[in-house]
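Asker: Next comes the sequence, and after it the predicted model I'd like to discuss.
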Amino acid sequence: MTEKQKKELILSVRNVSKRFTSKNVCVRAVTNVSFDVHKGETIGIVGESGCGKTTLGRCIVRAIEASEGEVVYKTLAGQEVDFLKVDKKQMKGIRKEIQMIFQDPYSSLDPRMTVLDIIAEPIVANYPKMPKAEREQLVKDIAAKVGLNTTYLMRYPHAFSGGQRQRIGIARALILKPQLIVCDEAVSALDVSIQAQIINLLRDLQREMDLTYIFISHDLSVVEHISDKVGVMYLGRMVEFGETEKLFASPKHPYTEALLSAVPVADPDVQMERIPLQGEIPNPANPPSGCYFHARCRYCEHRCTVEAPELHEVDGRMVACHRAKELHLRGFDYSQASEA
Ligand code: SF4
């Protein structure tokens, strides 16, 4: 990544919220989330199941509509638009540049379509007049780039392994030459050794095709391997955001510290003290007062139970914790980390 690319802001997520209302019950799935994404970088979004990270990803690509907020996107042509407000016609043009890779390679591919047709589908939808031979050549080129055997493209998805199916999903996301890809638990359904292959593939493709990723995962060791910056979400809110290495080495939020303590270590003789998270994640339809994390936090004091902490900067990090400046939290030891 060049210095110029590092500085080019291509996506600015501003105060995005998403509420789901059903039978007079309002669930705040995402609340006031903001972060920036620069060209060529990977932003990891982590948190336990139900923390709102997948909903946030879907709001960003407009797979679902956000309740509030802005997603200012800089197109490849250099135009800045609020992607959440553009009309359908504009959205179709920008969608080519923002793609998504889904969690489950088993269910995200249509079992009745050949792999060639699955990968070609976005081309058919966006360039219906493209000659068949040209389209098929594009499919073969992208299939080869993601490591698929191009002689098998007339087969159906069930004939492929989990890792190969995820390569098909990646080829499909890349065929329109996007700028930004949101990867939603893209390797979670795969065996650990296949996870490493797919992560290495995503990194190689990022360098080759100048891609930018938002990488959503519950697995911190995976996020640590691929991300330049990490955002930690808890009950729909961003509680910590910063550079991966710093955030892992010295977390500033007690929730980040607890998550890091649960990352597996490679050496069975090394005992890492695991910080237990007391209780369950609170009900987002009825969140606690003050800091949403207070009932599970071992550093909780009275103020935390009545006053919600705002995100503020602490040592170059954004943190939502009243005690972030005074606490000395335990980081994650890279030398003991297991391979993703
Ligand atoms: Fe814990 Fe209080 Fe910080 Fe919340 S604000 S994370 S309860 S110390």
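Answerer: Done, it's in. Numbering: from 1, shown residues only.

Asker: ok but residue 246 is inside a strand, no?
Answerer: No. Looking at residue 246 with DSSP: H, G, I helix; E, B strand; the rest coil, it is helix, so not inside a strand.

Asker: Please name the residues that touch it.
Answerer: 315-317 (Cβ atoms under 8 Å, 6 or more residues apart in numbering). Quick note: C-beta positions are derived from backbone N, CA and C, even for glycine.

Asker: could those be laid out in TSV, adding distance to the ligand?
Answerer: Shown next, in TSV, are the contacts of residue 246 (distance: Cβ to the nearest ligand atom, whole Å):
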residue	distance to the ligand
315	15
316	18
317	14
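
Asker: Most neighbours among those, please name it.
Answerer: residue 317 (21 neighbours; other Cβ atoms under 10 Å).

Asker: Correct me if wrong: that one contacts residue 242.
Answerer: Yes. Residue 317 lies in contact with residue 242 (Cβ atoms under 8 Å); the separation is 3.6 Å.

Asker: excluding its backbone neighbours, what's nearest the closest residue to the ligand within the stretch 51-200 of the chain?
Answerer: Relative to the ligand, the nearest point of the stretch 51-200 of the chain is residue 51 (14.3 Å; Cβ to the nearest ligand atom). Excluding its sequence neighbours, the residue lying closest to residue 51 (Cβ to Cβ, 6 or more residues apart in numbering) is residue 233, at 4.4 Å.

Asker: doesn't the one you found fall inside a helix?
Answerer: No. Counting by three-state DSSP, residue 233 falls outside a helix, being strand.

Asker: How many neighbouring residues does it have?
Answerer: Neighbours around residue 233, by other Cβ under 10 Å: 25.

Asker: any idea how far it is from residue 191?
Answerer: Distance, residue 233 to residue 191, by Cβ to Cβ, to the nearest Å: 26 Å.

Asker: ditto for residue 219
Answerer: 13 Å.

Asker: domain parsing for the chain?
Answerer: 108-177, 253-339 (automatic domain parsing).

Asker: And the ones you listed, which one averages the lowest pLDDT?
Answerer: Sorting those by mean pLDDT places domain 253-339 lowest, at a mean of 86.

Asker: And that domain, how far out from the chain middle?
Answerer: 20 Å (Cα atoms, centre = their mean, to the nearest Å).

Asker: Tell me the secondary structure at residue 313.
Answerer: strand.

Asker: how far away is it from residue 15?
Answerer: From residue 313 over to residue 15 the distance is 17 Å, taken as Cβ to Cβ.

Asker: what's the nearest residue to residue 278 if we skip its chain neighbours?
Answerer: Nearest to residue 278 is residue 296, by Cβ to Cβ, 6+ apart, at 5.0 Å.

Asker: so the one you found sits right up against residue 276, yeah?
Answerer: No. Assessed by Cβ under 8 Å, residue 296 is found out of contact with residue 276, at 9.2 Å.

Asker: Now do the shared contacts for those two.
Answerer: Common neighbours of residue 296 and residue 276 (Cβ under 8 Å, 6+ apart) are residue 258.

Asker: Comparing these two, which residue is more hemmed in?
Answerer: More neighbours surround residue 296 than the other of residue 296 and residue 276, with 20 against 11 (other Cβ under 10 Å).

Asker: Tell me who's in contact with that one.
Answerer: 255, 258, 277-279.

Asker: Could I get the buried residue list for stretch 252-263?
Answerer: 252-261, 263 (16 or more other Cβ atoms under 10 Å).

Asker: rewinding a little: find the helix or strand that the residue of the stretch 51-200 of the chain closest to the ligand is a member of.
Answerer: Assigned by DSSP states H and E, residue 51 belongs to no helix or strand.

Asker: Can you pull the phi/psi pair for residue 317?
Answerer: Phi and psi for residue 317, reported as degrees, to the nearest 10, are phi -120, psi 150.

Asker: Enumerate the beta-bridge partners assigned to it.
Answerer: Note on residue 317: beta-bridge partners by DSSP bridges are residue 314.

Asker: More neighbours: which of residue 219 and residue 191?
Answerer: Neighbour totals were compared for residue 219 and residue 191, and residue 219 leads with 17 against 12 (other Cβ under 10 Å).

Asker: Hmm, that one is touching residue 188, no?
Answerer: Yes. The pair residue 219 / residue 188 is scored as a contact, 6.6 Å apart, by Cβ under 8 Å.

Asker: what sits in contact with each of residue 219 and residue 191?
Answerer: Between them, residue 219 and residue 191 share no contacting residue under Cβ under 8 Å, 6+ apart.
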